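S.K.: structure for the following, please:
(one chain, ligands or ions: 1)
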Amino acid sequence: MLPAPLLEVRDLCVSFPSRGRMIPIVEHVSFTLGERDILGLVGESGSGKSVTAMALMGLIDSPGVQITGSALFRGQELVGLAQKQLLRLRGSEIAMIFQDPMTAFTPVYTIGWQIDEQIRAHERLSRKQARARTVELLADMGVPDPARTADRYPHQLSGGLRQRAMIAMALSCNPSLLIADEPTTALDVTVQAQILDLIRSLRSTYGSSVLLITHDMGVVAETCDTTLVLYSGRVAETGPTDALFAHPGHPYTAALLASIPPLDGPRPHRLPAIAGAPPAPLERPAGCAFAPRCSYAHETCRDAPPPLVPLVPAGQAGQAGQAGQNTGAQSAANIQQQSAQFAACVLPAEGTLLLPRLLEADTAMSSPGGIILGLSDQGIQPMLSSAGEPPL
Ligand SMILES: Nc1ncnc2c1ncn2[C@@H]1O[C@H](COP(=O)(O)OP(=O)(O)OP(=O)(O)O)[C@@H](O)[C@H]1O
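M.R.: All right, here's what the predicted structure looks like:
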């Protein structure tokens, strides 16, 4: 039996009231974070990453905010949990770090004093014992001369050191879950790499899982086991980072990946940019929110949001079904018999892009080239070989 996940979020929706209407900022977000996993929540500015995290932490205190869905943390429901219980969870089981460490520290006390106090709020320790623990934590975070650094005020530290000190403070209560909201955005590249190393090491040294919020696909690639791509408040795609980078299933993910500078080979003069902008929450189309910017959009993409379906690279579709990884995968013939209309994924010949689309069976069968994966609510199977012939 698979171990229970640390955090299981289902159908999370967050809306804020404005001028007598509710504005849907986050819509039906679902994901699972395993023990000691690092999940990257990625998306452009305004896509709802922070709102998702703040909702999980119970940190949204806007009047009239509506949060629905479920977020089970070790089986305990976070949505609708009383502030008193949330407060107990925060700082003992769940901690959060932010882009700007100055939001975590007050400028008028030394960082050591502030971490000592955080420790003493959760453990019965003397000042001396708390300070010893603070120094140990700072040392673990790679802070040089931690005893002396503890006596410094936040403004006396460099950005990288302040970030390390903030992570030390967040870890002072040994949280099982660390939510890191853009923790490296304000840092230069070298320090950024060090902080990412540190975050990666937390699972082995502290046994923590991390929900890492970023708009940087490079950071995700280097750091996260699993990636969730958020677009305009909705999940575009989620999956193991390696698989998602190798076979992006959503054109938005593919476009984000195309905008990362290549590590080797000639650098393009200009990186491709995604034309247009995400829709405002009240102007989100009924269908896929990315459809207006998507050159692959099909008519049916505009009718309803594409369903999130389990995808496997075309070559592995049959094996996954046999191995039982693909929920109840069945033969293409069965799928054809059962569904006049089904979601299909078209994999172009070069094998780099899977496009989730809703297509009539006939349309899918007549699509030229590539492999077409037919989908019923039971699973996915190839409908055509790469030569365009039915595999049956
Ligand atoms: N308290 C609030 N009341 C109303 N709208 C809000 C509130 N907090 C956030 N929003 C709106 O929710 C949207 C998503 O914001 P959020 O901060 O989650 O985006 P993000 O993906 O984290 O972006 P960034 O990378 O820029 O931080 C924004 O349009 C923002 O204006």
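
S.K.: and the stretch 151-300 of the chain, which of its residues are near the ligand?
M.R.: Counting by Cβ under 6 Å from any ligand atom, the positions of the stretch 151-300 of the chain adjacent to the ligand are His215. The C-beta positions use only the backbone N, C-alpha and C, and glycine is treated the same way.

S.K.: what ranges does the stretch 151-300 of the chain have for its helices?
M.R.: Here the stretch 151-300 of the chain has its helices, by DSSP state H, counting those that start in this stretch, at 159-171, 189-206, 217-223, 241-246, 251-258.

S.K.: now do the fourth one: distance to the chain's middle.
M.R.: When you say that, I think you mean helix 241-246. In terms of Cα atoms, centre = their mean, to the nearest Å, the centre of helix 241-246 is set 13 Å apart from its chain centre.

S.K.: do the first one as well
M.R.: A distance of 22 Å separates the C-alpha centroid of helix 159-171 from that of its chain, computed with Cα atoms, centre = their mean.

S.K.: same thing with the third one?
M.R.: Averaging C-alpha coordinates over helix 217-223 and over its chain gives two centres that are 11 Å apart (Cα atoms, centre = their mean).

S.K.: ok, back up a step: just the helices of the stretch 151-300 of the chain: most buried one?
M.R.: A comparison of the helices of the stretch 151-300 of the chain by mean neighbour count, using mean count of other Cβ atoms under 10 Å, puts helix 159-171 on top with a mean of 24.

S.K.: pull the CA atoms of it into PDB?
M.R.: Extracted in PDB, the C-alpha atoms of helix 159-171 (Å, rounded to 0.1, in the frame of the first residue of the first chain):
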ATOM      1  CA  GLY A 159      20.300  39.200   1.500                       C
ATOM      2  CA  GLY A 160      21.600  35.600   1.300                       C
ATOM      3  CA  LEU A 161      22.400  35.400   5.000                       C
ATOM      4  CA  ARG A 162      19.000  36.900   6.000                       C
ATOM      5  CA  GLN A 163      17.300  34.300   3.800                       C
ATOM      6  CA  ARG A 164      19.300  31.500   5.600                       C
ATOM      7  CA  ALA A 165      18.400  33.000   8.900                       C
ATOM      8  CA  MET A 166      14.700  33.100   7.900                       C
ATOM      9  CA  ILE A 167      14.900  29.400   6.900                       C
ATOM     10  CA  ALA A 168      16.500  28.600  10.300                       C
ATOM     11  CA  MET A 169      13.700  30.400  12.100                       C
ATOM     12  CA  ALA A 170      11.100  28.500  10.000                       C
ATOM     13  CA  LEU A 171      12.800  25.200  10.800                       C
END
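
S.K.: now do that helix, average pLDDT.
M.R.: The average pLDDT for helix 159-171 rounds to 89.

S.K.: packing partners of it?
M.R.: On a contact count with 3 or more Cβ pairs under 8 Å, 6 or more residues apart in numbering; DSSP states H and E, helix 159-171 meets strand 94-97, helix 111-122, helix 127-140, strand 177-181, helix 189-206.

S.K.: ok so, going back, want to throw the helices of the stretch 151-300 of the chain into CSV with distance to Arg127?
M.R.: As requested, these are exported to CSV (distance: least, Cβ to Cβ, whole Å):
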stretch, distance to Arg127
helix 159-171, 16
helix 189-206, 23
helix 217-223, 36
helix 241-246, 43
helix 251-258, 48
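
S.K.: any weak-confidence spans in the chain?
M.R.: 1-2, 262-272, 309-392 (pLDDT under 70).

S.K.: closest to the centroid, which residue in it?
M.R.: Centroid-nearest residue in the chain: Leu41, 2.1 Å away (criterion: Cα atoms, centre = their mean).

S.K.: thinking that residue is in contact with Leu212, fair?
M.R.: Yes: assessed by Cβ atoms under 8 Å, Leu41 is found in contact with Leu212 at 6.9 Å.

S.K.: for the residue in the stretch 151-300 of the chain that the ligand sits nearest to, which non-adjacent residue is spatially closest?
M.R.: Closest contact between the stretch 151-300 of the chain and the ligand, by Cβ to the nearest ligand atom, is at His215 (5.2 Å). Nearest residue to His215 in three dimensions, chain neighbours excluded: Glu44, at 5.8 Å (Cβ to Cβ, 6 or more residues apart in numbering).

S.K.: pretty sure the one you found belongs to a helix, no?
M.R.: No: membership of Glu44 in a helix is not supported by DSSP: H, G, I helix; E, B strand; the rest coil, which gives coil.

S.K.: all strands of this structure, in order?
M.R.: Remark: strands assigned in the chain by DSSP state E are 7-18, 21-33, 38-42, 66-73, 76-77, 94-97, 177-181, 209-214, 226-231, 234-240, 341-347, 355-360, 371-376, 379-382.
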